[in-house]
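1. no letters, just coordinates:
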Ligand SMILES: Cc1cc2nc3c(=O)[nH]c(=O)nc-3n(C[C@H](O)[C@H](O)[C@H](O)COP(=O)(O)OP(=O)(O)OC[C@H]3O[C@@H](n4cnc5c(N)ncnc54)[C@H](O)[C@@H]3O)c2cc1C
Ligand SMILES: C=Cc1c2[nH]c(c1C)Cc1[nH]c(c(CCC(=O)O)c1C)Cc1[nH]c(c(C)c1CCC(=O)O)Cc1[nH]c(c(C)c1C=C)C2
């Protein structure tokens, strides 16, 4: 009989793992995890989780390949390289919006909010010696290589716009491994980025993405359609996708198999693929795996309030992907995405509208709003930010507030050692358990899918 493999966690990582396996157990009543899209009767789509996926690199190529296999090709909404949402990103500092420099002109002269031409930061990176520490905070790394202003403003904002996190606590080695490696290998981040990108094998959609220089893509029905399409692909192929099936407890049977205790019974499996957040897995492990549980509990995650707003009869003062707010300007307000610029197809058939998503909290959630923030307060804060930062005075015609508890894992300093210790424990104890998902090696949808695929390949002994 072939071994039984149970996948726990029905987010994108668990679903992607099931691509080749047979049973998935999901605690909630829906699949997709943070892939959450609201579709309104007038055809508008509001994203409460990821809103765009990068097509580049091996992981981006693999995701696009999966999209083709799922038959979603005609639903892909690309954002080509010459689109304003690809070219323009803004920072809100000193009470004003500043376009992030692009092109040579933007590097040769001082462009606010930077007091010196960014060229000097590039020269500093080319001349500075390579670091020797095995890990460093993202801020310390950026300060050492590019100078204080770039670290305090640009890199601070970048970490808020990807991890909703604090660059002073996040690890360069785990959050931005490409930059870390570039410095180690080429002694300069810029040199490494310029020389380091190898040749890629493109086909179909990814070839088109490269030719048209897509910066990101979404789907006509929103990102949740990726989870729905995966589920629709898996069910007729014999994969059992069980919702309302929270894993309560994981025990080893005397014969070495796992016994999974659910709310309404037990399941036995030879191998378990955990696609749960690290802290959720820690809660269900048996006592003998306490050292593993302790490491998992040291991988924190931050909460983000996502406020979707729709306005009618207004015009944005700038056009682009959106703007980020450095923590020195306003720690509680991470940034605003101008959704209707990148994906006007999601505006629906109503009157011409501007759709925005305001993201609040992250690493500053508790200090800004308390642990149990009232949705009305978050909505008020979001609307005030849109008024102050974008000058949109009218009341929004549609508002959706979601508070996502512990939604983005934080790879803090030393994360690489934690994941190594976790791997060592699994190997030494010969535990038939694979860990996939956003808690370990990349938070993007691409990284989650890639982690699931790699685990399944190891499990089934497939060559890469
Ligand atoms: C607001 C926001 C914006 C984002 N934007 C982007 C973006 O633009 N681009 C991008 O690439 N990525 C983005 N991301 C990141 C990306 O969406 C996530 O990292 C990814 O979806 C995580 O998937 P996952 O399957 O690993 O985890 P999750 O989605 O957290 O799935 C885990 C699943 O496990 C289930 N579960 C928990 N406990 C149990 C249990 N005991 N038993 C059974 N099931 C359980 C949960 O219900 C959940 O469904 C964003 C994330 C957020 C929150
Ligand atoms: C304001 C907060 C956030 C915004 N998006 C996210 C947060 C927390 C979450 C997020 N955004 C991206 C990813 C995936 C990372 C990846 O490796 O693909 C996640 C988890 C994509 C992303 N968003 C921004 C950048 C620079 C990236 C990396 C990929 C890319 O270059 O496209 C910047 C950014 N995010 C937000 C805004 C308003 C913004 C810039 C203007 C929203």
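-> Okay, I see it. Keep in mind the model is a prediction, meaning the values are calculated, not measured. Ligands and ions are numbered 1, 2, ... in the order given.

2. any regions of the chain where pLDDT drops low?
-> Low-confidence regions of the chain, defined by pLDDT under 70, span residues 1-3, 20, 103-106, 197-201, 462-464.

3. would you map out the domains in it?
-> Split into domains by automatic domain parsing, the chain comes to 5-36+223-299+412-460, 84-196, 301-409.

4. which SS class is the closest residue to ligand 2 within the stretch 151-300 of the chain?
-> Proximity to ligand 2, evaluated over the stretch 151-300 of the chain using Cβ to the nearest ligand atom, is greatest for residue 161 at 3.1 Å. Every C-beta, even on glycine, is put in place using the N, C-alpha and C of the backbone. Here residue 161 is helix, with the state taken from DSSP: H, G, I helix; E, B strand; the rest coil.

5. and stretch 455-464, anywhere near ligand 1?
-> No: if you take Cβ under 6 Å from any ligand atom as the test, stretch 455-464 misses ligand 1, and the best it gets is 11.8 Å.

6. distance of residue 44 relative to residue 356?
-> Taking Cβ to Cβ, to the nearest Å as the measure, residue 44 falls 13 Å from residue 356.

7. who touches both of the two?
-> Shared contacts of residue 44 and residue 356 (Cβ atoms under 8 Å, 6 or more residues apart in numbering): residue 310.

8. which positions in the stretch 51-200 of the chain make contact with ligand 1?
-> Near ligand 1, when you scan the stretch 51-200 of the chain using Cβ under 6 Å from any ligand atom, you find 51, 52, 53.

9. the second one: what's it in contact with?
-> Counting by Cβ under 8 Å, 6+ apart, residue 52 touches 79, 215, 216, 217, 218, 342.

10. out of these, which sit inside helices?
-> Among the contacts of residue 52, DSSP state H puts residue 342 in helices.

11. adding neighbour count and distance to residue 142, write the contacts of residue 52 out as JSON lines.
-> Listed next are the contacts of residue 52 as JSON lines, based on neighbours: other Cβ atoms under 10 Å; distance: Cβ to Cβ, whole Å:
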{"residue": "79", "neighbour count": "22", "distance to residue 142": "27"}
{"residue": "215", "neighbour count": "22", "distance to residue 142": "22"}
{"residue": "216", "neighbour count": "22", "distance to residue 142": "23"}
{"residue": "217", "neighbour count": "23", "distance to residue 142": "28"}
{"residue": "218", "neighbour count": "26", "distance to residue 142": "30"}
{"residue": "342", "neighbour count": "25", "distance to residue 142": "27"}
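
12. ok, which pair from the contacts of residue 52 is furthest apart?
-> Within the contacts of residue 52, 215 and 218 form the most distant pair, 11.5 Å apart (Cβ to Cβ).

13. any idea which helix or strand comes after the helix or strand hosting residue 290?
-> Here residue 290 sits within helix 290-297, counting by DSSP states H and E. Once the chain leaves helix 290-297, the next helix or strand it forms, by DSSP H and E, is strand 301-312.

14. what comes up buried for that next one?
-> For strand 301-312, the neighbour count (16 or more other Cβ atoms under 10 Å) marks 301, 302, 303, 304, 305, 306, 307, 308, 309, 310, 311 as buried.

15. near ligand 1, list only the ones from those residues.
-> Answer for the buried residues of strand 301-312 near ligand 1 (Cβ under 6 Å from any ligand atom): 304, 306.

16. mind checking which of the domains of the chain is nearest residue 67?
-> domain 5-36+223-299+412-460 (7.4 Å).

17. that closest one: how far from the chain's middle?
-> 18 Å (Cα atoms, centre = their mean, to the nearest Å).

18. before we move on, what about stretch 73-88?
-> Taking mean C-alpha positions (Cα atoms, centre = their mean), stretch 73-88 and its chain are 18 Å apart.

19. and that stretch, which residues are buried?
-> Those would be 75, 76, 77, 78, 79, 83, 85, 86, 87, 88, for stretch 73-88 by 16+ other Cβ under 10 Å.

20. let's see which of those end up in strands.
-> 76, 77, 78, 79 (DSSP state E).

21. now the first one: how far from ligand 2?
-> Residue 76 sits 16 Å away from ligand 2, taking Cβ to the nearest ligand atom, to the nearest Å as the criterion.

22. for the last one, same thing?
-> In this view, residue 79 and ligand 2 are 9 Å apart by Cβ to the nearest ligand atom.

23. repeat for the third one
-> Here residue 78 is placed at a distance of 13 Å from ligand 2 (Cβ to the nearest ligand atom).

24. what sits against that residue?
-> With Cβ under 8 Å, 6+ apart, residue 78 has these contacts: 55, 208, 209, 212, 214, 217.

25. the third one: what secondary structure?
-> Secondary structure state of residue 209, per three-state DSSP, is helix.

26. name the nearest residue to it, ignoring sequence neighbours.
-> residue 55 (3.7 Å; Cβ to Cβ, 6 or more residues apart in numbering).

27. so which residues of the stretch 201-350 of the chain form helices?
-> Here the stretch 201-350 of the chain has its helices, by DSSP state H, counting those that start in this stretch, at 204-211, 224-234, 278-284, 290-297, 339-342.

28. show me what the helix holding residue 290 is packed against.
-> Using 3 or more Cβ pairs under 8 Å, 6 or more residues apart in numbering; DSSP states H and E, the elements in contact with helix 290-297 are helix 278-284, helix 415-428.

29. do that helix and ligand 1 meet?
-> No: figure legend: helix 290-297 not in contact with ligand 1 (Cβ under 6 Å from any ligand atom); closest approach 12.4 Å.

30. report the angle between that helix and helix 415-428.
-> Using axes from the mean of the first three to the mean of the last three Cα atoms, to 10 degrees, the direction of helix 290-297 lies 150 degrees away from that of helix 415-428.

31. buried residues, helix 290-297. List them.
-> Buried, per 16+ other Cβ under 10 Å, within helix 290-297: 292, 293, 295, 296.

32. list the buried ones in stretch 381-393?
-> Buried, per 16+ other Cβ under 10 Å, within stretch 381-393: 381, 382, 383, 385, 386, 389, 390, 392.

33. check stretch 158-176 too.
-> Quick answer for stretch 158-176 (16+ other Cβ under 10 Å): 158-161, 163-167, 169-176.

34. now stretch 234-241
-> Quick answer for stretch 234-241 (16+ other Cβ under 10 Å): 234, 239, 241.

35. out of those residues, who's near ligand 1?
-> Applying Cβ under 6 Å from any ligand atom to the buried residues of stretch 234-241, none is adjacent to ligand 1.

36. okay, the residues you listed in TSV with distance to ligand 2 next?
-> Output for the buried residues of stretch 234-241, formatted as TSV (distance: Cβ to the nearest ligand atom, whole Å):
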residue	distance to ligand 2
234	25
239	27
241	25
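
37. list just the nearest of those residues to residue 444.
-> When those are compared against residue 444 (criterion: Cβ to Cβ), the nearest one is residue 234, at 21.9 Å.
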